[in-house]
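Q: I would like to see how this sequence folds:
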Amino acid sequence: MRKDVLFISFVFLITAFSLHPLHSQTAATTPDNNVEYVIEDIEGSNVQVLEENAQSWDKAQEGQTLETGDEIKVGDGSEATLTLQNDTQVHLSANSDLKVGQIEPNQTRGFFSRLVVIAGTILSDVQKNLLESHSSFEVEAGGVVCGVRGTAFEVSNKNG
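A: Below you'll find the model as predicted:
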């Protein structure tokens, strides 16, 4: 795969998270056991959401939920952070476009999540106890899928 099309790097840096407010404690599951991403932090004014089957983009709001098929686009001079299950955060840098490919609960009170990086860079801090709940967290970019069980990592897609 061409280096200029897709660059995936795993960054195991604790200090990287001191730069971004990724450690929110807001719950991201609803009482009926649905699993969803919650937009926790928006910096700047250029963050939009396209809900599945919608025809137009809407301005993103803190506290808004994202479900399977929804897309979030972060424009120039803006950033956003998504939270899943209290302990997993995904930070979108400026000029990033991310689609929630799939998010659903599993039978062991965990979840399956696949995010698709259409363009830009995301920094994920995935909870360490995914093995206990048999949860699965995956990120796809440019046709490559990365799955983790608890770590911090960055994914960039230069193709967008």
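
Q: give me the sheet partners of the helix or strand where C146 lies and which way each runs.
A: Secondary structure from DSSP states H and E places C146 in strand 144-148. Partners of strand 144-148 in the sheet, by DSSP bridges, are strand 136-141 (antiparallel).

Q: strands of this protein, start to end?
A: Using DSSP state E, the strands of the chain run over residues 6-9, 37-43, 47-50, 58-59, 65-66, 71-74, 79-84, 88-92, 96-105, 111-125, 136-141, 144-148, 152-157.

Q: that older thread, could you give the mean pLDDT of the strand holding C146?
A: Mean pLDDT, computed over strand 144-148, is 87.

Q: where does this protein have low pLDDT?
A: Counting by pLDDT under 70, the ranges of the chain that qualify are 1-33, 86, 129, 160.

Q: go with 50
A: Counting by pLDDT under 50, the ranges of the chain that qualify are 1-31.

Q: center of this structure, which residue is that?
A: V90 (4.0 Å; C-alpha atoms, centre = their mean).

Q: contacting residues for it?
A: Residues near V90 by C-beta atoms under 8 Å, 6 or more residues apart in numbering: 37, 81-84, 98, 115, 122-125. C-beta coordinates here come from the backbone N, C-alpha and C atoms, glycine included.

Q: that one and S56, how far apart?
A: According to C-beta to C-beta, to the nearest Å, V90 and S56 sit 24 Å apart.

Q: one more: A152?
A: For A152, the distance to S56 - C-beta to C-beta - is 34 Å.

Q: higher neighbour count, these two?
A: Using other C-beta atoms under 10 Å as the criterion, A152 and S56 rank with A152 on top: 18 against 7.

Q: what's the neighbour count on the residue nearest to the more buried one when sequence neighbours are not counted?
A: Spatial nearest neighbour of A152, excluding adjacent residues (C-beta to C-beta, 6 or more residues apart in numbering): D125 at 4.8 Å. By other C-beta under 10 Å, the residues close to D125 number 22.

Q: ok, K59 next?
A: 11.

Q: OK, contacts around it?
A: Residues counted as contacts of K59 (C-beta under 8 Å, 6+ apart) are 47-49.
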